[in-house]
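all I have is the shape, not the residue letters:
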């Protein structure tokens, strides 16, 4: 009696690697530690993008610049994501990786909730009917 895996009908509900959706609609991220059976919990988020960015952060710290990321173009942005030139963060603990990943995920979640664009940058449109003040440089 061989047990065959059933095809997943919910493949469209999992748009990114390393995340899944809870029954009540929250998106969660976790990652397996290298050469261990344990996992690092990366948090619960209201958007799949935030969960995927938290996963990417942890994956980058665990695997380095060759990791297969969901958003490779976001590495190096000024939003807490790791950069290729971070040499002082070698061999981070699971707790440190969790902290960094949840910071990024929470920041992206907040930006997504505020209605910003996909990249997470909030654009402030100036009022074109006003003259600029001397303080606005």
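Received it, and whenever you're ready, just let me know what you need. Since we're looking at a predicted model, the values are computed, not measured.

tell me what the helix or strand of the chain with the lowest mean pLDDT is packed against?
One helix or strand of the chain scores below all others by mean pLDDT, DSSP states H and E: helix 94-113, with a mean of 91. Contacts defined by 3 or more CB pairs under 8 Å, 6 or more residues apart in numbering; DSSP states H and E place helix 94-113 against strand 39-45, helix 48-63. Every C-beta, even on glycine, is put in place using the N, C-alpha and C of the backbone.

now the ones you listed in TSV, with mean pLDDT and mean neighbour count?
Output for the helices and strands packed on helix 94-113, formatted as TSV (pLDDT from 0 to 100; neighbours: other CB atoms under 10 Å):
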stretch	mean pLDDT	mean neighbour count
strand 39-45	93	19
helix 48-63	93	25
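
the ones you listed into TSV, with extra columns for distance to residue 104?
As requested, the helices and strands packed on helix 94-113 are exported to TSV (distance: least, CB to CB, whole Å):
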stretch	distance to residue 104
strand 39-45	9
helix 48-63	5
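
right, so of the ones you listed, which gets closest to residue 21?
Proximity to residue 21, assessed across those by CB to CB, is greatest for helix 48-63 (7.4 Å).

let me see the contact set for the closest residue in space to residue 50 that isn't next to it in sequence.
Nearest in space to residue 50, with sequence neighbours left out and distances taken as CB to CB, 6 or more residues apart in numbering, is residue 109 at 3.8 Å. Counting by CB atoms under 8 Å, 6 or more residues apart in numbering, residue 109 makes contact with 45-47, 50.

what's the angle between the least confident helix or strand of the chain and strand 39-45?
20 degrees (axes from the mean of the first three to the mean of the last three CA atoms, to 10 degrees).
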